[in-house]
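**Q** The following block contains a protein sequence and its predicted model.
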Amino acid sequence: MNKNYKSKIEEIKRIMGTFRSSYSKGCVKITRTESKEHARVKTEVGLFLLKQGYHIWSEATFKQPYKGRADLIAVHPSGISYIFEIVSSEKEKSLLRKARDYPTDVIAVDVKTFKYEEFEI
């Protein structure tokens, strides 16, 4: 087995082992407490990621030693993974805490400036 391929598989397994989700892979969970804009942006980011070949989970809760619940987790078969937080009024302090407590890179997506046509990672 190719060494690079093996390291990609190991990274995917590592990320997959850091969270649990009650929702199916590929589904975006929308709650009644979310604003319409938050739900729209979360759904559009999820769609973008699916079209890019990522596997996604929404509202996944992290296992110890990590903390919190992410809006979206994206894992690509190449071994790349991201956590997306959809923000509208969230303070920078909260985002910094999540970056510290989450198992991989956190990308904040601002609902006020998000445009699907211009989105890229």
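**A** Looks like it arrived, so ask away.
**Q** so where is this structure shaky, pLDDT-wise?
**A** 1-3 (pLDDT under 70).
**Q** mind listing the helices for it?
**A** 3-16, 36-51, 92-101 (DSSP state H).
**Q** Out of those, which is the most enclosed?
**A** Of all those, helix 36-51 carries the top mean neighbour count, a mean of 17, counting by mean count of other CB atoms under 10 Å. Every C-beta, even on glycine, is put in place using the N, C-alpha and C of the backbone.
**Q** From the contact counts, what lies against that one?
**A** strand 55-62, strand 69-75, strand 81-87 (3 or more CB pairs under 8 Å, 6 or more residues apart in numbering; DSSP states H and E).
**Q** Next one: the residue nearest to Pro77 when sequence neighbours are not counted from Asp105, what distance?
**A** Nearest-residue entry for Pro77: Gly53, 6.6 Å, with adjacent residues in sequence omitted and distances by CB to CB, 6 or more residues apart in numbering. Computed as CB to CB, to the nearest Å, the Gly53 to Asp105 distance reads 18 Å.
**Q** wait, what's in contact with Asp71?
**A** Neighbour list for Asp71: 42, 58-59, 84-86 [criterion: CB atoms under 8 Å, 6 or more residues apart in numbering].
**Q** which residues are contacting stretch 17-29?
**A** 42-43, 46, 50, 55-63, 66, 70, 72-73, 103.
**Q** Filter the contacts of Asp71 down to the buried ones and express that as a PyMOL selection.
**A** In PyMOL syntax, the buried subset of those is picked out as below (16 or more other CB atoms under 10 Å):
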select buried, resi 42+58+59+84+85+86
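**Q** From the contacts of Asp71, pick the one nearest Arg14.
**A** Phe84 (18.5 Å; CB to CB).
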